[in-house]
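Enquirer: return a 3D structure for these sequence lines:
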Amino acid sequence: MKLDILKLDASTAGNIDLAEEIFGLEVRRDILHRMVNWQLAKRRAGTHKVKEKSEISATTKKFVRQKGSGGARHGSRKAVQFRGGGVAHGPRVRDHAHDLTKKFRKLALKTALSAKAKDGKLIVLDNAEFSDAKTKNLVAVFAKLGWKSALIIDGAQINEGFARAARNIPQIDVLPEIGANVYDILRRDTLVLTKGAIEALEARLK
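Expert: Prediction:
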């Protein structure tokens, strides 16, 4: 698979061959779905909690006589049917994370890259260097390139000026290659990879 290499001024700087085993796989929605679920479950705090019957502070005195009241035989104000009582089957603090093998996670990332390539939403950038570090100027550059919703993945290090100018632009994300993940790739319309990012991803995923 061949793609043109773009510069930030919208001119081309040659072309690049992309590895078919990374950018040319069949797009399987079930793999992407499982991977996104794994990512979202893993980042949940799991700190949800309600008080159960044993944790309520209330009197333990039997508040209604056993017989003759015409009502039920209650013995505790902590019971779940009373106002101020415990909650039955409520959420407890727990970890929502589940396991996915490293091999599957690798396949999911390759599938996400292939999905963007297949849809024509993958762009190769010569480099993500922007010495100006002004958000207004970078917005104008993105408008010229037609990028409204984009994830830009650079090599091992992100250019500081570029990152500073891009961090306040809505729907624009910038990540180093090591941070490339399925959820962030899919949530943005366009995927922009620098040449450095492609080299690192191909070395990591082959």
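
Enquirer: count the residues that sit near residue 102.
Expert: Using other CB atoms under 10 Å, the number of residues around residue 102 comes to 7. (C-beta placed from N, C-alpha, C; glycine too.)

Enquirer: and the residue most central in space within the chain, which of the three is it?
Expert: By CA atoms, centre = their mean, the chain has its centre lying nearest to residue 183, at 3.9 Å. With DSSP: H, G, I helix; E, B strand; the rest coil as the basis, residue 183 sits in helix.

Enquirer: which residues touch it?
Expert: Going by CB atoms under 8 Å, 6 or more residues apart in numbering, residue 183 touches 35-36, 39-40.

Enquirer: of those residues - the most surrounded one?
Expert: Most neighbours among the contacts of residue 183, by other CB under 10 Å: residue 35, with 22 neighbours.

Enquirer: quick check: nearest residue in space to it, chain neighbours excluded?
Expert: Ranked by CB to CB, 6 or more residues apart in numbering and with sequence neighbours excluded, the top spatial neighbour of residue 35 is residue 108, at 3.6 Å.

Enquirer: what count of nearby residues applies to that neighbour?
Expert: Neighbour count for residue 108, taken as other CB under 10 Å: 24.

Enquirer: am I right that it is in a helix?
Expert: Yes. The assignment for residue 108, made by three-state DSSP, places it in a helix.

Enquirer: tell me the confidence at it?
Expert: At residue 108, the pLDDT value in this model is 97.

Enquirer: please apply the same query to residue 130.
Expert: Predicted confidence (pLDDT) for residue 130: 84.

Enquirer: please, where are all the helices along this structure?
Expert: 20-23, 29-42, 102-118, 135-145, 160-166, 182-187, 195-205 (DSSP state H).

Enquirer: okay if I get those helices as TSV plus distance to residue 57?
Expert: As requested, the helices of the chain are arranged in TSV below (distance: least, CB to CB, whole Å):
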stretch	distance to residue 57
helix 20-23	59
helix 29-42	34
helix 102-118	46
helix 135-145	53
helix 160-166	51
helix 182-187	42
helix 195-205	54
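
Enquirer: and the ones you listed: which comes nearest residue 6?
Expert: Closest approach to residue 6 among these (CB to CB): helix 135-145, 7.3 Å.

Enquirer: and the closest one, C-alpha only, in PDB?
Expert: This file holds the C-alpha atoms of helix 135-145, laid out as PDB (Å, rounded to 0.1, in the frame of the first residue of the first chain):
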ATOM      1  CA  THR A 135      -2.700  27.800  18.600                       C
ATOM      2  CA  LYS A 136      -4.200  30.300  16.200                       C
ATOM      3  CA  ASN A 137      -1.600  29.600  13.500                       C
ATOM      4  CA  LEU A 138      -1.900  25.900  13.900                       C
ATOM      5  CA  VAL A 139      -5.700  26.100  13.600                       C
ATOM      6  CA  ALA A 140      -5.200  27.900  10.300                       C
ATOM      7  CA  VAL A 141      -2.800  25.100   9.100                       C
ATOM      8  CA  PHE A 142      -5.300  22.400  10.100                       C
ATOM      9  CA  ALA A 143      -8.200  24.300   8.300                       C
ATOM     10  CA  LYS A 144      -6.100  24.400   5.100                       C
ATOM     11  CA  LEU A 145      -5.500  20.600   5.400                       C
END
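
Enquirer: sounds good, over and out.
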